[in-house]
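Student: What would the 3D arrangement of this be:
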Amino acid sequence: MSALGFANSLGIHDNALLVRSERSSMLANNLANADTPGFKSRDIDFKAILSGEAERQSSLSVNRTSSRHIEGSSSEGYESLYRHPLQPSIDGNTVDENIENTEFTTNAMAYNASFEFLSSKFKGLSGALRGD
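Tutor: This is a model prediction of the structure:
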């Protein structure tokens, strides 16, 4: 039987809360720059992070074929991706306000769900410590 700890008790929800918070900031930035010419809409692939795909891709090694090549570096965390617009705009802005609002709302609901789950876990853990 494994020891009781935060990692075993909380699962991935504490990390998911952090990523969802960062994604919320990114989506809000997209909405704030909806009228900025040339602004490129960005997002995080949350499903790839959840499945560990982003970590696997960042740990790939780079082969150098010449000593003059610059060494490759791996990135930590997640990768910020550019969103492809459904309709290109004349000024080069790729923000679609309807999509951004939908993604922001969906992300906010998922953030609240993770927060409520963590809150109930902490209540359960504190009840167990008190002997309730």
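
Student: For A48, see how far away the residue nearest in space to the middle of the chain is.
Tutor: Central residue of the chain (C-alpha atoms, centre = their mean): V19, 3.9 Å from the mean position. Going from V19 to A48 by C-beta to C-beta, to the nearest Å gives 11 Å. Bear in mind the C-beta positions are built from the backbone N, C-alpha and C, glycine included.

Student: Ok, L86 next?
Tutor: For L86 relative to A48 (C-beta to C-beta), the value is 21 Å.

Student: Show me which of the two is the more surrounded one.
Tutor: A48 (16 against 9; other C-beta atoms under 10 Å).

Student: Identify each buried residue in the helix or strand containing that one, please.
Tutor: Counting by DSSP states H and E, the element that carries A48 is helix 46-51. For helix 46-51, the neighbour count (16 or more other C-beta atoms under 10 Å) marks F46, A48, I49 as buried.

Student: In the protein, what residue spans correspond to strands?
Tutor: Ranges of strands in the chain, per DSSP state E, are 42-44, 80-82.

Student: What pairs with the first one, parallel or antiparallel?
Tutor: Take DSSP bridges as the rule and strand 42-44 pairs in its sheet with strand 80-82 (antiparallel).

Student: low-scoring stretches of this structure, by residue?
Tutor: 1-10, 53-64, 69-78 (pLDDT under 70).

Student: Distance of R20 relative to D35?
Tutor: R20 sits 26 Å away from D35, going by C-beta to C-beta.

Student: actually P85, sorry about that
Tutor: Counting by C-beta to C-beta - P85 and D35 are separated by 14 Å.

Student: Which one's more surrounded, these two?
Tutor: More crowded of P85 and D35, by other C-beta under 10 Å: P85, with 15 against 10.
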